[in-house]
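[1] Below: sequence and its predicted model.
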Amino acid sequence: MKQAESAPCGESPVHLEEAPLAKRLTRFALALAIFWLIVYVVAPIPVKYFEPLRKYAEVVDRTNIKPGALYYSDVAQSLDSEINNRDAIRFFVKKSAVPSN
């Protein structure tokens, strides 16, 4: 089994030349465009064709809920959401997991 060769002490490994600024900026702009395309064009497509997601989107719009805010613990809805999820698991999931005879 061969061991990987490393650069001798005091010598740095060979580095590729740094890309010119124009090339780096072009790559950055391309990455932003791809990100925008995914978020605003591709991601909404399943909402149009998948009924549960469409209902969820309607409820969110109707109740003016900010779904991203639910991920932060300092938001009041976060505690309500956590309590409701725990109750749902405790009362519905655990009861249905036990077979009824």
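    Cool, got the structure.

[2] and A57, how many residues sit next to it?
    Using other CB atoms under 10 Å, A57 has 15 neighbouring residues. Placement of C-beta: from N, CA and C, glycine included.

[3] check which helix or strand covers the closest residue to it other than its chain neighbours.
    Nearest non-adjacent residue to A57, counting by CB to CB, 6 or more residues apart in numbering: V47, 5.2 Å away. Per DSSP states H and E: V47 is located in helix 45-49.

[4] and that helix, what does it pack onto?
    Helices and strands touching helix 45-49, by 3 or more CB pairs under 8 Å, 6 or more residues apart in numbering; DSSP states H and E, are helix 51-63.

[5] which residues make contact with the helix it packs on from outside it?
    Helix 51-63 has contacts (CB atoms under 8 Å, 6 or more residues apart in numbering) with P46, V47, K48, I65, P67.

[6] most neighbours, which of the residues you listed?
    V47 (15 neighbours).

[7] pLDDT at that residue, what is it?
    pLDDT for V47: 84.

[8] next one: K23
    Listed pLDDT for K23 reads 92.

[9] where's it relative to L30, distance?
    According to CB to CB, to the nearest Å, K23 stands 11 Å off from L30.

[10] Tell me where the protein has helices.
    21-37, 45-49, 51-63, 76-88, 94-97 (DSSP state H).

[11] what mean pLDDT does the last one have?
    Averaging pLDDT along helix 94-97 gives 56.

[12] swap in the third one?
    Helix 51-63 comes out with an average pLDDT of 84.

[13] could we number from 265 for the rest of this?
    Fine by me, first position is 265 from now on; the one you just mentioned is helix 315-327.

[14] For it, list the C-alpha coordinates in CSV.
    Extracted in CSV, the C-alpha atoms of helix 315-327 (Å, rounded to 0.1, in the frame of the first residue of the first chain):
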residue,chain,number,x,y,z
GLU,A,315,-52.4,19.3,-3.6
PRO,A,316,-51.1,19.3,0.0
LEU,A,317,-48.5,21.9,-0.8
ARG,A,318,-51.1,24.0,-2.6
LYS,A,319,-53.4,23.9,0.5
TYR,A,320,-50.4,24.8,2.7
ALA,A,321,-49.5,27.7,0.6
GLU,A,322,-53.1,29.0,0.6
VAL,A,323,-53.3,28.7,4.4
VAL,A,324,-50.0,30.5,4.8
ASP,A,325,-51.2,33.3,2.5
ARG,A,326,-54.6,33.6,4.1
THR,A,327,-53.3,33.7,7.7
